[in-house]
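Engineer: Structure of the sequence below:
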Amino acid sequence: MRGLIQVVLLAALTVMATTAHAIDRGQFSDVPDDIRNWFKSVISPNGVPCCDISDGHRTEYDVRNGAYWVPIEGIWTEVPRRAVIRDRGNPVGEAVVWYVRHRGEIIISCFVPADAV
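Structural biologist: Presented below is the predicted three-dimensional model:
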């Protein structure tokens, strides 16, 4: 049931993303243009720009039983396979996760591992 709720919620967020834009809260002030452009250009596996839904966060990660896990707000959270992006490169050198908190739930929309090519 929880998986179905997350899929429905992600679909709703995807629709909302067509009018959303990344918000520059100063987090890009000391980032080179090529890195800033990469953050803004990453596309989720379902075709939605990751930054249209949320801001990217550099993160540590772990691999458990073939799945990626990331700490979000102090809680280790499994990254859904549908959110993993391996074909956009990663000029940051650290893993990056895009997520939103909606009605108490953390929804991961995109994740790029540190070694993505």
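Engineer: Distance-wise, check the residue nearest the centre of the chain relative to Phe39.
Structural biologist: With distances taken as CA atoms, centre = their mean, Trp98 lies nearest the centre of the chain, 2.2 Å away. Going from Trp98 to Phe39 by CB to CB, to the nearest Å gives 9 Å. Bear in mind the C-beta positions are built from the backbone N, C-alpha and C, glycine included.
Engineer: got any residues that touch both of those two?
Structural biologist: 51, 56 (CB atoms under 8 Å, 6 or more residues apart in numbering).
Engineer: Can you show me the strands along this structure?
Structural biologist: Listed in chain order, the strands of the chain (DSSP state E) span 56-59, 62-64, 67-72, 75-78, 95-102, 105-112.
Engineer: Let me know which of the ones you listed is the nearest to Arg86.
Structural biologist: strand 105-112 (7.6 Å; CB to CB).
Engineer: Output the contacting helices and strands for that closest one.
Structural biologist: The contact analysis (3 or more CB pairs under 8 Å, 6 or more residues apart in numbering; DSSP states H and E) places strand 105-112 against helix 2-17, helix 50-53, strand 67-72, strand 75-78, strand 95-102.
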